[in-house]
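Colleague: Next one to model:
(one chain, ligands or ions: 1)
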Amino acid sequence: MSDSLDVLGILLKCANFAAVKHSGQRRKDPEKTPYINHPIGVAYILTDEGSVRDPAVIMAAILHDTVEDTDTTLDEIKKEFGSNVANIVAEVTDDKSLPYDERKRLQIVHAPTSSKEAKLVKLADKLYNLRDLEKATPEGWSQERVKQYFIWASKVVEGLRGTNRQIENSLDEIFSRHVL
Ligand SMILES: Nc1nc2c(ncn2[C@@H]2O[C@H](COP(=O)(O)OP(=O)(O)O)[C@@H](OP(=O)(O)OP(=O)(O)O)[C@H]2O)c(=O)[nH]1
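Modeller: Numbering: from 1, shown residues only. Here you go, the predicted structure:
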């Protein structure tokens, strides 16, 4: 009982931390959905569709964009949530100081050698974003950019395979509609 309460407590600490850090940020959809919907949704894909039960993976999913997109540092994540979670977050964090094309290229290169935990977060992140892309075109994106995102995401996912059959099957369904 106390173990499960500890897990609940730490997951809510993560959710609260991410909500505070992402407050004011919005997704790029026409409704300008609050950004926090994304990390919570990624974590929910992992538990609900992927049957993932490793608390460190769920915590990293909730926190996965805090370092990339807010003032959060990896040291802060380590201090608040431990080095295991911080290491997963580090693996899924793009270096925003690099040019766009290089960041996107590195995701393809790094995918196959990522840890299983990071691969899980990446798979769920891609599934969430691709589902969003099927629902609406992000503000300012051309149809060509949308098309290129599907193709690029399929290349990243190639390097993440053999990690979670359910999530990979859902991704493949999407790719079958958009990637030849
Ligand atoms: N599809 C979609 N994406 C949105 C939306 N709002 C925000 N995003 C975010 O935009 C990013 C994709 O846009 P890009 O222009 O390719 O990436 P960038 O943020 O790295 O510049 C994703 O970030 P990311 O977490 O870095 O993912 P990834 O592109 O690295 O996989 C995604 O989470 C939306 O309404 N729909």
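
Colleague: who's in contact with the residue nearest to the spatial centre of the chain?
Modeller: Central residue of the chain (Cα atoms, centre = their mean): D125, 3.1 Å from the mean position. Applying Cβ atoms under 8 Å, 6 or more residues apart in numbering to D125 gives the contacts 42, 61, 64, 92. Heads up, the C-betas are built off the backbone N, CA and C, glycines and all.

Colleague: Please tell me I have it right and the last one contacts K122.
Modeller: In other words, V92. Yes - the pair V92 / K122 is scored as a contact, 5.8 Å apart, by Cβ atoms under 8 Å.

Colleague: Give me the common contacts of the two.
Modeller: Joint contacts of V92 and K122 (Cβ under 8 Å, 6+ apart) are S114.

Colleague: any idea which of the contacts of D125 is closest to the ligand?
Modeller: Ranked by distance to the ligand (Cβ to the nearest ligand atom), these are led by H64 at 7.3 Å.

Colleague: thinking that closest one is in contact with I40, fair?
Modeller: No - the pair H64 / I40 is not scored as a contact, 10.9 Å apart, by Cβ under 8 Å.

Colleague: if you count what's nearby, which of these two comes out ahead?
Modeller: Ranked by neighbour count (other Cβ atoms under 10 Å), H64 and I40 place H64 first, with 25 against 18.

Colleague: Which element, helix or strand, includes N16?
Modeller: Following DSSP states H and E, one finds N16 within helix 2-22.
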